[in-house]
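Enquirer: Turn this into a model:
(chains A and B)
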Amino acid sequence: MADPNNAPIPTVVADRVDIVYRVNGTGAGRGSATAALNRILRRKKTEQASGVRKVHAVKAVSFTAYRGEAIGLIGTNGSGKSTLLKAVAGLLPVEHGRIYTDGQPSLLGVNAALMNDLTGERNVYLGGLAMGMSREQVRERYQEIVDFSGINEKGDFITLPMRTYSSGMAARLRFSIAAAKDHDVLMIDEALATGDRSFQKRSEARIRELRKSAGTVFLVSHNNKSIRDTCDRVLWLERGELRMDGGTEEVLKEYEKFTGGGGKAP
Amino acid sequence: MKAADVSQVLHTPPPAPDPVPAPAAPPDDAAALAARYGLTVSGARPSLPAYVRQLWARRHFITAFATAKLTAQYSQAKLGQVWQVATPLLNAAVYYFIFGELMGTSRGVPDYIPFLVTGVFVWTFTQSSIMAGTRAISGSLGLVRALHFPRAALPVSYALQQLQQLLFSMAALFVILLCVGVPVSVSWLLVVPALALQFVFNAGVAMIMARMGARTPDIAQLMPFVLRTWMYVSGVMWSIDKVLTAHQDMPHIVLIALECNPAAVYIDLMRFALIDTFHASQLPHHVWPLAVGWALLAGVGGFIYFWKAEETYGRG
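Expert: Down below sits the predicted model:
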């Protein structure tokens, strides 16, 4: 945790956050047209009985993140890590509780804005603009992004459509675009798992750089090594609950005991 | 959401939203801390002026997204961007064959080919803007859930893509006009305000449909039928004016509805601008106020309607 003497500046405050998904069409008589019609007609009154199922993905999670911290989020599959990050980014609503943030946290990921039929070059521009950079900023950073991705190391690939890229190359370009912007609060969802070893090294270095230049970094990963390399604090989520919050070594030791000792992770 | 999330913490229907177990941290603490450092609540809807500013700040994204979508559309085809012009021309050819030759709607309409082609192109602009708008949010959930931007950028961008598409069609239309011997005239300049008004109208309706489509994706299945009905009553391939003079006995309300129909208004304005044999007398009464009124109503109304649900897009 942060040292009170240095008067750490909080960047994200999560106050007893609950996140609930509602899933349509899972109730009795699923699939049948009359059941569906029934659901539509009576949606307001009987949400419970009409086949809307609730998934309580995150339960009463509270934490405060401070400027300069790199926080790892760990937990077995489906423990609510990605969901929590999306809520911090303001992309998912919270059911109860509040999330306060400094500025606009951004989820590292521009994949959705990119188009496979366009060249890498145009995707750099599109992705940059989608993240809220100005045209001038994108132009300034363009060369930097391309060099960082290493796409052009094996020939002039940046002027080819992205559908011709290997999955590793595409992932590298995506990370490079997303990491080009300085974020106040940056959240990375297992982005480091992609690319070859040399690219992983570069991206770890870039994350450390981003950490210095601005605020707080959140990293979701199943790779304990990359958590150890980049993070100094770890939140452990299990079944939507915050199980541990503390120094990297301390939490990872417990987590490894849990996943190793209690049989394979569910 | 990920399927993995479901597997672990399923709540089967019965249990009512259980009261949150009060955790250790005192409640006011977090809020006070947040207030002291000027943190704001994540994911709250901005005020209307702030929203307009944000949207304006993203104007380059809107245009880049529209152009990218347009370019990506035919990038796999061998003929590539030629299809931008070829598709509307083929469309017009089909309508000409069916309505002009087989059904004889062309009787009594001078310059039927430009009349029909203008109608088809202008109508297609409105139709595809609305169709794209309906899917603007529900079809871009990945984008909405990954990045932060004013969501109105999406329907506006889709409408803009259709406008760019229409500009290609207009180039083809000008060639057709010259080929069939319609003289070049100053009134062609009226195309610009007519298109601007129609774009505002389309973007507005696209935003309304985007909000409805985001809430109920089923609307996208219904829209083709609504739009086809709308097309047939909008005088795309027949002359409203001619039918009205032939059927004087029609109820007044039907007359008014036919004449005030925004699609018909924009189509007839374009015909009036481009075709010399389409006279002002064939236009509905008060056509410019109608065109401006529809644009303002749909544009402003649609924008506010869309903004009201800004924080809900991408949920569920």
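
Enquirer: If I look at residue 239, what pLDDT would I see?
Expert: Picking chain A for this. Residue A:239 carries a pLDDT score of 88 in this model.

Enquirer: Chain B is the one I meant
Expert: According to the per-residue confidence, residue B:239 scores 81 in pLDDT.

Enquirer: do you know how far it is from residue B:103?
Expert: Taking C-beta to C-beta, to the nearest Å as the measure, residue B:239 and residue B:103 are separated by 14 Å. C-beta coordinates here come from the backbone N, C-alpha and C atoms, glycine included.

Enquirer: higher neighbour count, those two?
Expert: residue B:239 (22 against 12; other C-beta atoms under 10 Å in any protein chain shown).

Enquirer: And residue 82, what's its pLDDT?
Expert: Reading this off chain A. We note a pLDDT of 83 for residue A:82 in this prediction.

Enquirer: Chain B was what I was after
Expert: Predicted confidence (pLDDT) at residue B:82: the value is 84.

Enquirer: what's around it, how many residues?
Expert: Using other C-beta under 10 Å as the criterion, the residues surrounding residue B:82 number 11.

Enquirer: wait, what's in contact with it?
Expert: Residue B:82 makes contact with residue B:74, according to C-beta atoms under 8 Å, 6 or more residues apart in numbering or on different chains.

Enquirer: before we move on, what about residue B:96?
Expert: By C-beta under 8 Å, 6+ apart, the residues touching residue B:96 are B:113, B:116, B:117.

Enquirer: Was I right to think residue B:278 contacts residue B:116?
Expert: No - the pair formed by residue B:278 and residue B:116 falls short of the contact definition of C-beta atoms under 8 Å, at 12.0 Å.

Enquirer: Show me the shaky parts of the stretch 51-200 of chain A.
Expert: Scanning the stretch 51-200 of chain A for pLDDT under 70 picks out the ranges A:51-52, A:108-112, A:190-195.

Enquirer: next one: phi and psi at residue A:234?
Expert: phi -130, psi 130 (degrees, to the nearest 10).

Enquirer: To what extent is it buried, counted in neighbours?
Expert: The burial count assigned to residue A:234 is 25, neighbours taken as other C-beta under 10 Å.

Enquirer: With the one 5 residues further on instead?
Expert: Residue crowding around residue A:239 was assessed by other C-beta under 10 Å; the count is 17.

Enquirer: ok, now how distant is it from residue A:126?
Expert: Residue A:239 is 38 Å from residue A:126, by C-beta to C-beta.

Enquirer: Kindly reformat the contacts of residue B:96 as a markdown table containing secondary structure.
Expert: Below are those laid out as a markdown table (DSSP: H, G, I helix; E, B strand; the rest coil):
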| residue | secondary structure |
| --- | --- |
| B:113 | helix |
| B:116 | helix |
| B:117 | helix |
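
Enquirer: Counting neighbours, which of those comes out on top?
Expert: Using other C-beta under 10 Å as the neighbour test, the contacts of residue B:96 are led by residue B:117, with 24 neighbours.

Enquirer: check contacts around residue A:86.
Expert: Contact partners of residue A:86, counting by C-beta under 8 Å, 6+ apart, are A:92, A:107, B:145.

Enquirer: Just give me the closest of those residues to residue A:138.
Expert: Comparing the contacts of residue A:86 against residue A:138 with C-beta to C-beta picks out residue A:107 as the nearest, at 19.1 Å.

Enquirer: can I assume the closest one sits in a strand?
Expert: Yes - assignment of residue A:107 by three-state DSSP places it within a strand.

Enquirer: hang on, isn't it packed against residue A:185?
Expert: No - because the distance of 9.7 Å does not satisfy C-beta under 8 Å, residue A:107 is recorded as not touching residue A:185.

Enquirer: Residue 169: which element?
Expert: No chain was given, so I picked chain A. helix A:167-178 (DSSP states H and E).

Enquirer: try again with chain B
Expert: Here residue B:169 is covered by helix B:153-179, with elements defined by DSSP H and E.

Enquirer: That helix packs against which elements?
Expert: If contacts are counted by 3 or more C-beta pairs under 8 Å, 6 or more residues apart in numbering or on different chains; DSSP states H and E, helix B:153-179 sits against helix B:59-73, helix B:82-95, helix B:112-134, helix B:191-215.

Enquirer: Tell me what angle that helix forms with helix B:82-95.
Expert: If you take axes from the mean of the first three to the mean of the last three C-alpha atoms, to 10 degrees, helix B:153-179 sits at 70 degrees to helix B:82-95.

Enquirer: now helix B:153-179 against helix B:191-215, angle please.
Expert: For the pair helix B:153-179 and helix B:191-215, the angle between their directions (the same axes, to 10 degrees) equals 140 degrees.

Enquirer: Give me the mean pLDDT for helix B:153-179.
Expert: Looking at helix B:153-179 alone, the average pLDDT works out to 91.

Enquirer: now swap in stretch B:251-270 and tell me
Expert: According to the model, stretch B:251-270 has a mean pLDDT of 87.

Enquirer: so what pLDDT did the residue nearest in space to the middle of chain B get?
Expert: In chain B, the C-alpha nearest the mean C-alpha coordinate belongs to residue B:129, at 2.8 Å (C-alpha atoms, centre = their mean). Model confidence at residue B:129, expressed as pLDDT, equals 95.

Enquirer: where's the closest residue to it other than its chain neighbours relative to chain A, distance?
Expert: What sits nearest to residue B:129 in space, not counting adjacent residues and going by C-beta to C-beta, 6 or more residues apart in numbering or on different chains, is residue B:202, at 3.8 Å. Computed as C-beta to the nearest C-beta, to the nearest Å, the residue B:202 to chain A distance reads 23 Å.

Enquirer: neighbours of residue B:202, just the number please.
Expert: When neighbours are counted by other C-beta under 10 Å, residue B:202 comes out with 33.
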